[in-house]
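*Asks:* take a look and give me a structure for this.
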Amino acid sequence: LVGNHFLILPSWINANEKFKDKQIIKIDPGAAFGTGSHPSTYLCLERMENISFSEKNVLDIGSGSGILSIAARLLGAKEVFAVDNDYLAINSTNSNYQLNFGNLNNLNTHLGSFNELSDKNLLNEFDYILCNILAEVIKEIIPKISKSLKKGGEVILSGIVNSQKDDVLNILNSNHLKISDVSFRKDWICIAAQKPINPTHA
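*Replies:* Numbers count the residues shown, from 1 in each chain. Okay, here's the model as predicted:
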């Protein structure tokens with residue numbers, strides 16, 4: 001169980017009756033791209049379950065197994081865009097999504113780096129951006145994440161170890177993203193930040 005709402009199961013197991021009120025995410029654990037047990041994934045899902053994704057556009061950077069994309073759709077997202085620079089990860093995202101919904105509706109997958117796609121202006125105006133990857137990469141792409149968010153939109157960053165927290169917070173601040181939440185699990189942290197509706201430039 002993750003948070004209060006999610007139950008993550010391997011693809012061949014059906015949920016017990018007692019979990020019928022949970023949001024079930026099925027993942028084929030054969031592909032080693034995140035089965036939800038890692039603290040950084042757990043933190044992301046925990047943050048997501050408190051958000052209304054209804055009618056929202058969501059970008060999942062470094063989608064891996066697709067677990068966050070699936071969660072966003074379960075929570076009502078209108079369109080999900082999943083980006084990964086590993087074609088095996090994109091395959092995994094597609095197959096796990098299909099496993100959960102029986103179709104690929106509302107899912108758009110992009111193979112390539114987020115930076116390149118952002119430079120081509122292919123990824124704009126998102127309500128939510130989910131990013132559970134290495135902190136070193138997160139630090140590099142924060143300026144472009146800011147550009148890809150709608151005003152009032154939120155980014156959820158995970159995959160950050162405690163010692164990197166201040167660096168990431170400083171870069172978010174210098175890109176005019178306002179910290180809305182920081183949560184911890186073991187040595188990992190998850191940071192949520194919002195793009196102001198009325199940016200103030202000093």
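
*Asks:* quick one: buried residues of the biggest strand by length in the chain?
*Replies:* For the chain, the longest strand by residue count, based on DSSP state E, is strand 149-161. Neighbour-count burial for strand 149-161, counted by 16 or more other CB atoms under 10 Å, picks out 149-150, 153-160. Bear in mind the C-beta positions are built from the backbone N, C-alpha and C, glycine included.

*Asks:* how about stretch 174-183?
*Replies:* 177, 182-183.

*Asks:* could you dump those to TSV with distance to Ile189 and secondary structure?
*Replies:* Shown next, in TSV, are these (distance: CB to CB, whole Å; DSSP: H, G, I helix; E, B strand; the rest coil):
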residue	distance to Ile189	secondary structure
Leu177	16	coil
Val182	6	strand
Ser183	7	strand
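
*Asks:* can you redo these as CSV with distance to Glu136 and pLDDT?
*Replies:* Conversion of those to CSV gives the following (distance: CB to CB, whole Å; pLDDT from 0 to 100):
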residue, distance to Glu136, pLDDT
Leu177, 18, 96
Val182, 19, 95
Ser183, 21, 95
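
*Asks:* how long is stretch 8-22 end to end?
*Replies:* Distance between the two ends of stretch 8-22: 10 Å, counting by CA to CA, to the nearest Å.

*Asks:* ok, Ile141 touching Phe114?
*Replies:* Yes. Ile141 is within contact range of Phe114, at 5.6 Å (criterion: CB atoms under 8 Å).
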